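Q: Fold the following.
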Amino acid sequence: MVSDERIGDILVARGDLTREEAEAIASERMRSDTRYASIALRTGRVTVPEALNALAAKSGYPPRDLANIVIPKSVLRLIPFEIARQQLLLPFAIEGRNLLLAMANPNDRQVLEEVSFATGLVVRPHIALHAQLATTIIEAHCATGDYYFGPAVSDEKRNIAIEQSPIVDEGYPIVLETGSDDDEDEITIEVDSADFVAEFPPGPQTVDSPAIQPPLRQQKKILVVEDEPQIQQLIFKVLQALDCEVIVASRGLQALKLIKIEKPDLIVLDAMLPEVHGFEICRKVKESKRFGATPVLMISAIYRGWRIAEDIKSTYRVDDFLEKPFRVAELRTKVEQLLENNSAALPTSDMDSMAKEFFNEAIGAFKQEDYAGAFNKLRRAEEIEPFSARVQFAIGQVLEKDDRTFQGMYHYERAIELDPKMYAAAQNLALLYQAKGFKRKAIEMWERALLSAPSTDVRDNIKRHLVNIL
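A: As a prediction, this is how the structure comes out:
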(Lines give C-alpha, C1' and ligand atoms only; values in the text may rest on other atoms or scores of the structure.)
Protein backbone atom coordinates (compact mmCIF):
# COMPACT_ATOMS: atom_id res chain seq x y z
CA MET A 1 0.00 0.00 0.00
CA VAL A 2 1.38 3.42 -0.98
CA SER A 3 1.92 5.87 1.88
CA ASP A 4 1.49 9.66 1.71
CA GLU A 5 4.00 10.10 4.54
CA ARG A 6 7.46 11.47 3.92
CA ILE A 7 10.42 9.11 4.23
CA GLY A 8 11.65 10.97 7.30
CA ASP A 9 8.28 10.63 9.02
CA ILE A 10 8.20 6.91 8.28
CA LEU A 11 11.68 6.44 9.74
CA VAL A 12 10.73 8.42 12.85
CA ALA A 13 7.51 6.41 13.29
CA ARG A 14 9.53 3.19 13.07
CA GLY A 15 12.01 4.42 15.65
CA ASP A 16 14.90 4.48 13.20
CA LEU A 17 15.39 8.25 13.54
CA THR A 18 14.68 10.88 16.16
CA ARG A 19 12.67 13.91 15.10
CA GLU A 20 15.78 16.08 15.40
CA GLU A 21 17.79 13.74 13.17
CA ALA A 22 15.00 13.65 10.60
CA GLU A 23 14.84 17.46 10.46
CA ALA A 24 18.63 17.71 10.14
CA ILE A 25 18.59 15.31 7.17
CA ALA A 26 15.72 17.23 5.58
CA SER A 27 17.67 20.47 5.94
CA GLU A 28 20.77 18.94 4.33
CA ARG A 29 18.64 17.51 1.54
CA MET A 30 17.39 20.99 0.66
CA ARG A 31 20.96 22.31 0.51
CA SER A 32 22.50 19.45 -1.50
CA ASP A 33 19.54 18.33 -3.67
CA THR A 34 20.35 14.73 -2.69
CA ARG A 35 17.82 12.01 -1.96
CA TYR A 36 16.70 11.74 1.66
CA ALA A 37 17.56 8.06 2.10
CA SER A 38 21.01 8.58 0.56
CA ILE A 39 21.84 11.32 3.10
CA ALA A 40 20.52 9.22 5.98
CA LEU A 41 22.71 6.32 4.89
CA ARG A 42 25.79 8.45 4.21
CA THR A 43 25.65 10.02 7.66
CA GLY A 44 25.22 6.63 9.30
CA ARG A 45 21.91 7.53 10.93
CA VAL A 46 20.07 4.55 9.38
CA THR A 47 21.05 1.15 8.02
CA VAL A 48 20.38 -0.17 4.50
CA PRO A 49 17.52 -2.46 5.67
CA GLU A 50 15.92 0.44 7.56
CA ALA A 51 16.13 2.75 4.53
CA LEU A 52 14.79 0.07 2.19
CA ASN A 53 11.86 -0.77 4.46
CA ALA A 54 10.94 2.91 4.63
CA LEU A 55 11.10 3.23 0.84
CA ALA A 56 8.96 0.09 0.49
CA ALA A 57 6.36 1.53 2.87
CA LYS A 58 6.38 4.80 0.93
CA SER A 59 6.16 3.27 -2.57
CA GLY A 60 4.16 0.12 -1.91
CA TYR A 61 6.71 -2.05 -3.76
CA PRO A 62 8.89 -4.84 -2.32
CA PRO A 63 12.45 -3.76 -1.40
CA ARG A 64 15.67 -5.21 -2.86
CA ASP A 65 19.07 -4.94 -1.19
CA LEU A 66 21.56 -4.98 -4.07
CA ALA A 67 24.49 -5.85 -1.81
CA ASN A 68 23.07 -9.39 -1.48
CA ILE A 69 22.00 -9.89 -5.08
CA VAL A 70 23.00 -12.55 -7.62
CA ILE A 71 22.20 -11.69 -11.24
CA PRO A 72 22.65 -14.02 -14.25
CA LYS A 73 24.36 -12.11 -17.05
CA SER A 74 21.69 -13.39 -19.47
CA VAL A 75 19.08 -11.49 -17.45
CA LEU A 76 21.26 -8.40 -17.12
CA ARG A 77 21.60 -8.16 -20.90
CA LEU A 78 17.84 -7.81 -21.36
CA ILE A 79 18.23 -4.05 -20.88
CA PRO A 80 21.14 -2.33 -22.69
CA PHE A 81 23.67 -0.67 -20.41
CA GLU A 82 23.04 2.88 -21.64
CA ILE A 83 19.30 2.61 -20.96
CA ALA A 84 19.88 0.88 -17.61
CA ARG A 85 22.32 3.60 -16.51
CA GLN A 86 20.16 6.51 -17.65
CA GLN A 87 16.87 5.17 -16.24
CA LEU A 88 18.41 3.37 -13.21
CA LEU A 89 17.01 -0.05 -14.14
CA LEU A 90 18.51 -3.34 -12.97
CA PRO A 91 16.86 -6.60 -14.15
CA PHE A 92 17.90 -9.27 -11.66
CA ALA A 93 15.79 -12.41 -12.16
CA ILE A 94 13.19 -14.12 -14.32
CA GLU A 95 10.42 -16.13 -12.66
CA GLY A 96 8.27 -17.84 -15.27
CA ARG A 97 7.26 -15.02 -17.64
CA ASN A 98 7.94 -12.34 -14.99
CA LEU A 99 10.98 -10.06 -15.08
CA LEU A 100 12.02 -8.82 -11.63
CA LEU A 101 13.33 -5.28 -11.98
CA ALA A 102 15.06 -3.13 -9.36
CA MET A 103 14.23 0.57 -9.81
CA ALA A 104 14.63 3.90 -8.05
CA ASN A 105 11.15 4.92 -9.23
CA PRO A 106 8.90 1.85 -9.63
CA ASN A 107 5.87 4.11 -10.18
CA ASP A 108 7.13 5.14 -13.63
CA ARG A 109 4.49 3.35 -15.69
CA GLN A 110 5.91 4.47 -19.03
CA VAL A 111 9.29 2.86 -18.32
CA LEU A 112 7.61 -0.33 -17.09
CA GLU A 113 5.53 -0.56 -20.26
CA GLU A 114 8.55 0.05 -22.50
CA VAL A 115 10.60 -2.64 -20.73
CA SER A 116 7.71 -5.08 -20.93
CA PHE A 117 7.25 -4.36 -24.65
CA ALA A 118 10.99 -4.70 -25.40
CA THR A 119 11.46 -7.96 -23.45
CA GLY A 120 8.06 -9.61 -23.97
CA LEU A 121 7.90 -10.26 -20.21
CA VAL A 122 5.65 -9.07 -17.40
CA VAL A 123 7.68 -6.59 -15.33
CA ARG A 124 7.54 -6.89 -11.53
CA PRO A 125 9.21 -3.76 -10.08
CA HIS A 126 11.14 -3.66 -6.80
CA ILE A 127 12.30 -0.54 -4.97
CA ALA A 128 16.06 -0.11 -4.54
CA LEU A 129 18.30 2.59 -3.11
CA HIS A 130 19.29 5.22 -5.65
CA ALA A 131 22.99 5.19 -4.73
CA GLN A 132 23.13 1.37 -4.71
CA LEU A 133 21.48 1.22 -8.12
CA ALA A 134 23.86 3.70 -9.76
CA THR A 135 26.90 1.78 -8.50
CA THR A 136 25.58 -1.73 -9.02
CA ILE A 137 24.51 -1.15 -12.64
CA ILE A 138 28.08 -0.23 -13.63
CA GLU A 139 29.70 -3.00 -11.55
CA ALA A 140 27.27 -5.65 -12.79
CA HIS A 141 27.86 -4.82 -16.46
CA CYS A 142 31.64 -4.76 -15.89
CA ALA A 143 31.69 -8.11 -14.09
CA THR A 144 33.13 -11.14 -15.86
CA GLY A 145 31.64 -14.64 -15.82
CA ASP A 146 28.03 -15.79 -16.06
CA TYR A 147 26.85 -14.04 -12.89
CA TYR A 148 27.21 -10.78 -11.03
CA PHE A 149 27.55 -11.21 -7.26
CA GLY A 150 26.82 -8.36 -4.88
CA PRO A 151 29.57 -7.50 -2.37
CA ALA A 152 27.74 -9.12 0.55
CA VAL A 153 26.88 -12.41 -1.20
CA SER A 154 28.17 -15.40 0.76
CA ASP A 155 30.53 -18.01 -0.70
CA GLU A 156 27.82 -20.63 -0.26
CA LYS A 157 25.35 -18.60 -2.32
CA ARG A 158 28.01 -18.06 -5.01
CA ASN A 159 28.70 -21.79 -5.30
CA ILE A 160 25.00 -22.63 -5.53
CA ALA A 161 24.51 -20.12 -8.37
CA ILE A 162 27.55 -21.36 -10.29
CA GLU A 163 26.44 -25.00 -10.02
CA GLN A 164 22.94 -24.26 -11.33
CA SER A 165 22.22 -24.94 -15.00
CA PRO A 166 20.59 -22.26 -17.17
CA ILE A 167 16.88 -22.71 -17.83
CA VAL A 168 15.74 -22.80 -21.47
CA ASP A 169 12.18 -21.83 -22.27
CA GLU A 170 11.06 -24.42 -24.81
CA GLY A 171 8.00 -22.41 -25.81
CA TYR A 172 9.86 -19.87 -27.96
CA PRO A 173 12.41 -20.08 -30.77
CA ILE A 174 15.94 -19.48 -29.61
CA VAL A 175 17.13 -15.92 -30.24
CA LEU A 176 20.81 -16.13 -31.03
CA GLU A 177 23.07 -13.75 -29.08
CA THR A 178 26.29 -13.08 -30.93
CA GLY A 179 29.45 -11.49 -29.65
CA SER A 180 32.03 -9.37 -31.38
CA ASP A 181 32.77 -10.01 -35.02
CA ASP A 182 36.44 -10.15 -34.05
CA ASP A 183 37.67 -11.99 -30.98
CA GLU A 184 41.19 -10.59 -30.75
CA ASP A 185 41.88 -7.98 -28.06
CA GLU A 186 42.67 -4.48 -29.23
CA ILE A 187 46.03 -3.01 -28.28
CA THR A 188 45.48 -0.49 -25.49
CA ILE A 189 47.52 2.05 -23.56
CA GLU A 190 47.09 4.16 -20.45
CA VAL A 191 43.99 6.32 -20.67
CA ASP A 192 45.80 9.54 -19.76
CA SER A 193 47.63 9.58 -23.08
CA ALA A 194 45.92 12.46 -24.85
CA ASP A 195 47.13 11.65 -28.35
CA PHE A 196 46.32 7.94 -28.43
CA VAL A 197 45.79 6.19 -31.75
CA ALA A 198 45.59 2.39 -31.44
CA GLU A 199 47.73 0.21 -33.67
CA PHE A 200 46.16 -0.32 -37.06
CA PRO A 201 44.00 -3.43 -36.62
CA PRO A 202 44.56 -6.62 -38.60
CA GLY A 203 42.34 -7.22 -41.61
CA PRO A 204 39.67 -9.87 -42.10
CA GLN A 205 41.11 -13.33 -41.59
CA THR A 206 40.56 -16.23 -43.98
CA VAL A 207 41.51 -19.89 -43.84
CA ASP A 208 43.53 -20.72 -46.92
CA SER A 209 43.72 -24.51 -46.71
CA PRO A 210 41.34 -26.07 -44.21
CA ALA A 211 42.08 -29.68 -43.38
CA ILE A 212 38.44 -30.66 -43.65
CA GLN A 213 36.04 -28.94 -46.00
CA PRO A 214 32.62 -28.27 -44.43
CA PRO A 215 29.72 -30.08 -46.04
CA LEU A 216 27.68 -28.20 -48.63
CA ARG A 217 24.63 -26.59 -47.08
CA GLN A 218 21.45 -28.19 -48.42
CA GLN A 219 18.91 -26.30 -46.32
CA LYS A 220 18.12 -22.70 -47.11
CA LYS A 221 18.93 -20.38 -44.25
CA ILE A 222 16.43 -17.64 -43.38
CA LEU A 223 16.94 -14.81 -40.90
CA VAL A 224 13.71 -13.56 -39.32
CA VAL A 225 13.99 -10.11 -37.73
CA GLU A 226 10.84 -9.41 -35.72
CA ASP A 227 10.47 -7.86 -32.25
CA GLU A 228 6.92 -9.04 -31.52
CA PRO A 229 7.25 -12.49 -29.87
CA GLN A 230 3.93 -13.88 -31.14
CA ILE A 231 4.58 -12.92 -34.76
CA GLN A 232 8.18 -14.09 -34.50
CA GLN A 233 6.96 -17.47 -33.26
CA LEU A 234 4.38 -17.72 -36.07
CA ILE A 235 6.92 -16.94 -38.82
CA PHE A 236 9.43 -19.31 -37.23
CA LYS A 237 7.00 -22.24 -37.36
CA VAL A 238 5.83 -21.49 -40.91
CA LEU A 239 9.36 -21.34 -42.28
CA GLN A 240 10.53 -24.40 -40.37
CA ALA A 241 7.73 -26.33 -42.07
CA LEU A 242 9.39 -25.44 -45.40
CA ASP A 243 12.45 -27.42 -44.27
CA CYS A 244 14.49 -24.25 -43.86
CA GLU A 245 17.04 -23.40 -41.20
CA VAL A 246 15.49 -20.46 -39.36
CA ILE A 247 17.41 -17.96 -37.24
CA VAL A 248 15.62 -15.19 -35.38
CA ALA A 249 16.56 -11.75 -34.07
CA SER A 250 14.46 -9.17 -32.26
CA ARG A 251 16.73 -6.11 -32.41
CA GLY A 252 18.40 -4.17 -35.19
CA LEU A 253 22.02 -4.48 -34.04
CA GLN A 254 21.58 -8.18 -33.42
CA ALA A 255 20.25 -8.57 -36.96
CA LEU A 256 23.27 -6.79 -38.47
CA LYS A 257 25.64 -9.15 -36.66
CA LEU A 258 23.70 -12.24 -37.68
CA ILE A 259 23.64 -11.19 -41.33
CA LYS A 260 27.42 -11.08 -41.36
CA ILE A 261 27.94 -14.29 -39.37
CA GLU A 262 25.18 -16.50 -40.79
CA LYS A 263 25.03 -15.18 -44.42
CA PRO A 264 21.31 -16.03 -44.83
CA ASP A 265 19.68 -16.92 -48.15
CA LEU A 266 16.68 -14.72 -47.29
CA ILE A 267 15.89 -12.01 -44.73
CA VAL A 268 12.34 -11.58 -43.43
CA LEU A 269 12.51 -8.10 -41.95
CA ASP A 270 10.08 -6.10 -39.83
CA ALA A 271 10.11 -2.39 -40.71
CA MET A 272 9.89 -1.09 -37.12
CA LEU A 273 12.67 -2.42 -34.88
CA PRO A 274 14.49 -1.36 -31.71
CA GLU A 275 17.97 0.20 -32.19
CA VAL A 276 18.14 0.21 -36.01
CA HIS A 277 15.17 0.78 -38.35
CA GLY A 278 14.33 -1.99 -40.79
CA PHE A 279 14.77 0.42 -43.73
CA GLU A 280 18.32 1.18 -42.60
CA ILE A 281 19.14 -2.53 -42.30
CA CYS A 282 17.79 -3.12 -45.81
CA ARG A 283 19.82 -0.21 -47.17
CA LYS A 284 23.03 -1.58 -45.64
CA VAL A 285 22.34 -5.04 -47.06
CA LYS A 286 21.53 -3.87 -50.58
CA GLU A 287 24.52 -1.52 -50.80
CA SER A 288 26.89 -4.34 -49.89
CA LYS A 289 28.73 -6.31 -52.57
CA ARG A 290 28.75 -9.35 -50.31
CA PHE A 291 25.08 -9.34 -49.32
CA GLY A 292 23.48 -7.21 -52.02
CA ALA A 293 21.94 -10.21 -53.81
CA THR A 294 20.27 -11.48 -50.62
CA PRO A 295 16.49 -11.07 -51.03
CA VAL A 296 14.61 -9.10 -48.38
CA LEU A 297 10.93 -9.62 -47.57
CA MET A 298 9.77 -6.68 -45.49
CA ILE A 299 6.69 -6.88 -43.27
CA SER A 300 4.93 -4.00 -41.55
CA ALA A 301 1.74 -3.04 -39.75
CA ILE A 302 2.49 0.70 -40.07
CA TYR A 303 3.25 1.11 -43.77
CA ARG A 304 0.20 0.01 -45.74
CA GLY A 305 -1.15 0.19 -49.29
CA TRP A 306 0.29 -0.66 -52.69
CA ARG A 307 1.68 2.84 -53.29
CA ILE A 308 3.90 2.87 -50.21
CA ALA A 309 4.86 -0.74 -50.90
CA GLU A 310 6.12 0.26 -54.36
CA ASP A 311 7.96 3.27 -52.89
CA ILE A 312 9.70 1.04 -50.35
CA LYS A 313 10.68 -1.43 -53.07
CA SER A 314 12.11 1.25 -55.36
CA THR A 315 13.81 3.37 -52.67
CA TYR A 316 15.25 0.66 -50.43
CA ARG A 317 15.36 -2.17 -53.01
CA VAL A 318 13.13 -4.41 -50.91
CA ASP A 319 12.38 -7.52 -52.97
CA ASP A 320 8.84 -8.00 -51.68
CA PHE A 321 6.46 -6.55 -49.11
CA LEU A 322 3.85 -8.03 -46.80
CA GLU A 323 1.35 -6.16 -44.64
CA LYS A 324 0.41 -7.24 -41.11
CA PRO A 325 -1.80 -9.03 -40.39
CA PHE A 326 -0.92 -11.49 -43.15
CA ARG A 327 -2.16 -14.90 -44.18
CA VAL A 328 0.17 -17.83 -43.57
CA ALA A 329 -0.31 -19.06 -47.14
CA GLU A 330 0.72 -15.66 -48.51
CA LEU A 331 3.88 -15.61 -46.38
CA ARG A 332 4.77 -19.12 -47.50
CA THR A 333 4.26 -18.30 -51.18
CA LYS A 334 6.39 -15.14 -51.06
CA VAL A 335 9.21 -16.90 -49.23
CA GLU A 336 9.25 -19.81 -51.69
CA GLN A 337 9.33 -17.43 -54.67
CA LEU A 338 12.17 -15.34 -53.25
CA LEU A 339 14.25 -18.39 -52.41
CA GLU A 340 13.71 -19.84 -55.89
CA ASN A 341 14.65 -16.59 -57.65
CA ASN A 342 17.65 -15.80 -55.45
CA SER A 343 20.70 -15.28 -57.65
CA ALA A 344 24.05 -16.24 -56.23
CA ALA A 345 26.45 -13.48 -55.23
CA LEU A 346 30.21 -13.66 -55.62
CA PRO A 347 31.49 -16.70 -53.64
CA THR A 348 32.32 -15.92 -50.02
CA SER A 349 35.94 -17.05 -50.35
CA ASP A 350 36.50 -14.56 -53.21
CA MET A 351 34.87 -11.76 -51.23
CA ASP A 352 37.03 -12.55 -48.19
CA SER A 353 40.13 -12.47 -50.35
CA MET A 354 39.19 -9.12 -51.91
CA ALA A 355 38.38 -7.53 -48.54
CA LYS A 356 41.65 -8.77 -47.07
CA GLU A 357 43.61 -7.45 -50.05
CA PHE A 358 42.06 -3.98 -49.80
CA PHE A 359 42.65 -3.97 -46.05
CA ASN A 360 46.32 -4.93 -46.39
CA GLU A 361 46.83 -2.28 -49.05
CA ALA A 362 45.25 0.27 -46.72
CA ILE A 363 47.69 -0.75 -43.97
CA GLY A 364 50.60 -0.13 -46.34
CA ALA A 365 49.27 3.28 -47.33
CA PHE A 366 48.63 4.16 -43.69
CA LYS A 367 52.21 3.34 -42.70
CA GLN A 368 53.44 5.55 -45.55
CA GLU A 369 51.19 8.34 -44.24
CA ASP A 370 49.22 8.20 -47.47
CA TYR A 371 45.94 8.77 -45.69
CA ALA A 372 43.95 9.49 -48.85
CA GLY A 373 45.10 6.18 -50.36
CA ALA A 374 44.37 4.30 -47.13
CA PHE A 375 40.91 5.86 -46.95
CA ASN A 376 40.07 4.85 -50.54
CA LYS A 377 41.19 1.26 -49.97
CA LEU A 378 39.19 1.02 -46.75
CA ARG A 379 36.12 2.29 -48.56
CA ARG A 380 36.54 -0.59 -51.02
CA ALA A 381 36.81 -3.00 -48.09
CA GLU A 382 33.72 -1.41 -46.54
CA GLU A 383 31.71 -2.13 -49.70
CA ILE A 384 32.46 -5.82 -49.19
CA GLU A 385 32.35 -5.88 -45.37
CA PRO A 386 29.68 -3.27 -44.47
CA PHE A 387 29.10 -4.82 -41.04
CA SER A 388 32.75 -5.01 -39.97
CA ALA A 389 33.51 -2.98 -36.85
CA ARG A 390 37.25 -3.26 -37.60
CA VAL A 391 36.85 -1.61 -40.99
CA GLN A 392 34.88 1.25 -39.45
CA PHE A 393 37.45 1.60 -36.69
CA ALA A 394 40.29 1.72 -39.22
CA ILE A 395 38.49 4.38 -41.28
CA GLY A 396 38.09 6.41 -38.09
CA GLN A 397 41.82 6.18 -37.37
CA VAL A 398 42.79 7.23 -40.89
CA LEU A 399 40.47 10.24 -40.77
CA GLU A 400 41.72 11.22 -37.33
CA LYS A 401 45.33 11.14 -38.50
CA ASP A 402 44.33 13.17 -41.56
CA ASP A 403 42.96 15.90 -39.23
CA ARG A 404 39.36 15.12 -40.16
CA THR A 405 38.46 14.57 -36.53
CA PHE A 406 34.68 14.82 -36.60
CA GLN A 407 34.42 12.47 -39.60
CA GLY A 408 36.66 10.06 -37.73
CA MET A 409 34.41 10.28 -34.69
CA TYR A 410 31.45 9.28 -36.86
CA HIS A 411 33.19 6.07 -37.95
CA TYR A 412 34.30 5.28 -34.38
CA GLU A 413 30.62 5.60 -33.43
CA ARG A 414 29.69 3.18 -36.23
CA ALA A 415 32.35 0.74 -35.02
CA ILE A 416 30.80 0.78 -31.53
CA GLU A 417 27.33 0.42 -33.03
CA LEU A 418 28.46 -2.76 -34.79
CA ASP A 419 30.54 -4.01 -31.87
CA PRO A 420 29.58 -2.46 -28.50
CA LYS A 421 32.52 -4.30 -26.90
CA MET A 422 35.22 -2.67 -29.04
CA TYR A 423 37.30 -1.02 -26.33
CA ALA A 424 39.73 0.85 -28.60
CA ALA A 425 36.91 2.65 -30.44
CA ALA A 426 35.26 3.73 -27.17
CA GLN A 427 38.60 4.90 -25.79
CA ASN A 428 39.50 6.88 -28.92
CA LEU A 429 36.06 8.50 -28.93
CA ALA A 430 36.33 9.40 -25.25
CA LEU A 431 39.69 11.09 -25.82
CA LEU A 432 38.44 12.99 -28.87
CA TYR A 433 35.25 14.17 -27.16
CA GLN A 434 37.32 15.28 -24.18
CA ALA A 435 39.82 17.12 -26.39
CA LYS A 436 36.99 18.91 -28.21
CA GLY A 437 35.35 20.03 -24.97
CA PHE A 438 32.36 17.66 -24.99
CA LYS A 439 32.69 16.68 -21.33
CA ARG A 440 29.40 14.79 -20.96
CA LYS A 441 29.94 12.77 -24.13
CA ALA A 442 33.48 12.02 -22.98
CA ILE A 443 32.12 10.68 -19.68
CA GLU A 444 29.60 8.55 -21.56
CA MET A 445 32.35 7.07 -23.76
CA TRP A 446 34.67 6.41 -20.81
CA GLU A 447 31.82 4.53 -19.15
CA ARG A 448 31.41 2.45 -22.32
CA ALA A 449 35.15 1.86 -22.42
CA LEU A 450 34.94 0.72 -18.81
CA LEU A 451 32.54 -2.06 -19.81
CA SER A 452 34.91 -3.48 -22.43
CA ALA A 453 38.28 -2.75 -20.81
CA PRO A 454 40.64 -5.70 -21.40
CA SER A 455 42.09 -5.91 -17.88
CA THR A 456 41.55 -4.91 -14.26
CA ASP A 457 44.41 -2.41 -14.43
CA VAL A 458 42.84 -0.62 -17.39
CA ARG A 459 39.44 -0.57 -15.66
CA ASP A 460 40.97 0.93 -12.51
CA ASN A 461 42.79 3.50 -14.60
CA ILE A 462 39.55 4.52 -16.34
CA LYS A 463 37.73 4.82 -13.01
CA ARG A 464 40.44 7.16 -11.70
CA HIS A 465 40.21 9.15 -14.91
CA LEU A 466 36.42 9.45 -14.57
CA VAL A 467 36.78 10.68 -11.00
CA ASN A 468 39.19 13.38 -12.20
CA ILE A 469 36.78 14.52 -14.91
CA LEU A 470 33.83 14.61 -12.54
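Q: Using the record's domain definitions, break this protein down for me.
A: Per the record, the chain has its domains at 7-59, 66-163, 221-341, 348-469, by automatic domain parsing.
Q: Include mean neighbour count and mean pLDDT when you put those into TSV, please.
A: The way it works is simple: take the backbone N, C-alpha and C, and place the C-beta from them, glycine included. Formatted as TSV, the domains of the chain follow (neighbours: other Cβ atoms under 10 Å; pLDDT from 0 to 100):
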stretch	mean neighbour count	mean pLDDT
domain 7-59	17	80
domain 66-163	17	85
domain 221-341	18	83
domain 348-469	19	83
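Q: Surely Ala381 is in contact with Val391?
A: Yes: between Ala381 and Val391 there is a contact under Cβ atoms under 8 Å: 5.3 Å.
Q: which residue is nearest the middle of this structure?
A: For the chain, Pro80 is the residue whose C-alpha lies nearest the centre (Cα atoms, centre = their mean; 4.9 Å).
Q: Tell me how far it lies from Arg251.
A: Going from Pro80 to Arg251 by Cβ to Cβ, to the nearest Å gives 9 Å.
Q: Run through the residues that contact Gly120.
A: Counting by Cβ atoms under 8 Å, 6 or more residues apart in numbering, Gly120 touches Pro229.
Q: Check Cys282 too.
A: Neighbour list for Cys282: 269, 296, 298, 316-318 [criterion: Cβ under 8 Å, 6+ apart].
Q: same thing but 10 Å
A: 267, 269, 271, 296, 298, 312, 315-319 (Cβ atoms under 10 Å, 6 or more residues apart in numbering).
Q: try Arg158
A: Residues near Arg158 by Cβ under 10 Å, 6+ apart: 70, 147, 149.
Q: Adding secondary structure, write the residues you listed out as CSV.
A: Converted to CSV, those look like this (DSSP: H, G, I helix; E, B strand; the rest coil):
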residue, secondary structure
Val70, strand
Tyr147, strand
Phe149, strand
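Q: Quick check: end-to-end length of stretch 118-131?
A: End-to-end distance for stretch 118-131, by Cα to Cα, to the nearest Å: 26 Å.
Q: could you pull out the strands for the stretch 301-450 of the chain?
A: 320-323 (DSSP state E, counting those that start in this stretch).
Q: Quick check, Glu361 in contact with Arg380.
A: Yes: look at Glu361 against Arg380 with Cβ atoms under 10 Å: they come within range, at 8.6 Å.
Q: follow-up on the earlier one: show me the two of the contacts of Cys282 that sit farthest apart.
A: Farthest-apart pair in the contacts of Cys282 is Ile267 and Thr315; separation 17.0 Å (Cβ to Cβ).
Q: Tell me which helix or strand Lys58 sits in.
A: Assigning secondary structure by DSSP states H and E places Lys58 in helix 48-59.
Q: What strands flank the helix or strand just after that helix, and is each parallel or antiparallel?
A: Counting by DSSP H and E, the element after helix 48-59 in chain order, helix or strand, is strand 70-72. Strand 70-72 has its sheet partners listed here by DSSP bridges as strand 147-149 (antiparallel).
Q: before we move on, the earlier item: ok, the contacts of Arg158 vs Ile281, which is closest?
A: Tyr147 (32.8 Å).
Q: does the closest one have beta-bridge partners, and which?
A: Tyr147 has these beta-bridge partners by DSSP bridges: Pro72.
Q: Isn't it up against Lys73?
A: Yes: Tyr147 is within contact range of Lys73, at 6.5 Å (criterion: Cβ under 10 Å).
Q: Nearest residue to Leu432 in space, please, no chain neighbours.
A: Distance criterion Cβ to Cβ, 6 or more residues apart in numbering; nearest residue to Leu432, sequence neighbours excluded, is Met409 at 5.5 Å.
Q: Asp265 too?
A: In space, Asp265 comes closest to Lys220 once its chain neighbours are excluded; the distance is 4.5 Å by Cβ to Cβ, 6+ apart.
Q: Was I right to think the one you found contacts Glu262?
A: No: at 11.9 Å, Lys220 does not count as touching Glu262 under the criterion of Cβ under 10 Å.
Q: contacting residues around Cys142?
A: Taking Cβ under 10 Å, 6+ apart, one finds 81, 148, 447, 450-453, 456, 459, 462-463 in contact with Cys142.
Q: what about it, distance to Arg77?
A: 13 Å.
Q: ok, Ala425 - contacts?
A: Counting by Cβ under 10 Å, 6+ apart, Ala425 touches 186, 198, 201, 389-390, 392-393, 396-397, 411-419, 445, 448-449, 452.
Q: Leu88 now?
A: Counting by Cβ under 10 Å, 6+ apart, Leu88 has contacts 102-105, 108, 111, 128, 130, 132-134, 136-137.
Q: ok, 8 Å please
A: Counting by Cβ under 8 Å, 6+ apart, Leu88 has contacts 103-105, 130, 133-134, 137.
Q: same deal with Met298?
A: Met298 neighbours (Cβ under 8 Å, 6+ apart): 269-271, 278, 282, 312, 316, 318, 320-322.
Q: quick one: which of the residues you listed is nearest to Glu330?
A: Taking the contacts of Met298 together and measuring to Glu330 by Cβ to Cβ, the closest member is Leu322, at 6.7 Å.
Q: Turn the contacts of Cys282 into a markdown table, including distance to Leu90.
A: Below are these laid out as a markdown table (distance: Cβ to Cβ, whole Å):
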| residue | distance to Leu90 |
| --- | --- |
| Ile267 | 34 |
| Leu269 | 32 |
| Ala271 | 32 |
| Val296 | 37 |
| Met298 | 35 |
| Ile312 | 39 |
| Thr315 | 41 |
| Tyr316 | 38 |
| Arg317 | 42 |
| Val318 | 39 |
| Asp319 | 42 |
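Q: Name the nearest of those relative to Val12.
A: Closest approach to Val12 among the contacts of Cys282 (Cβ to Cβ): Ala271, at 55.6 Å.
Q: Each with direction, which strands does the host helix or strand of Leu223 pair with?
A: Taking DSSP H and E as the definition, Leu223 sits inside strand 221-225. Sheet pairing of strand 221-225 (DSSP bridges) gives strand 245-249 (parallel), strand 266-270 (parallel).
Q: Cool, thanks, talk later.
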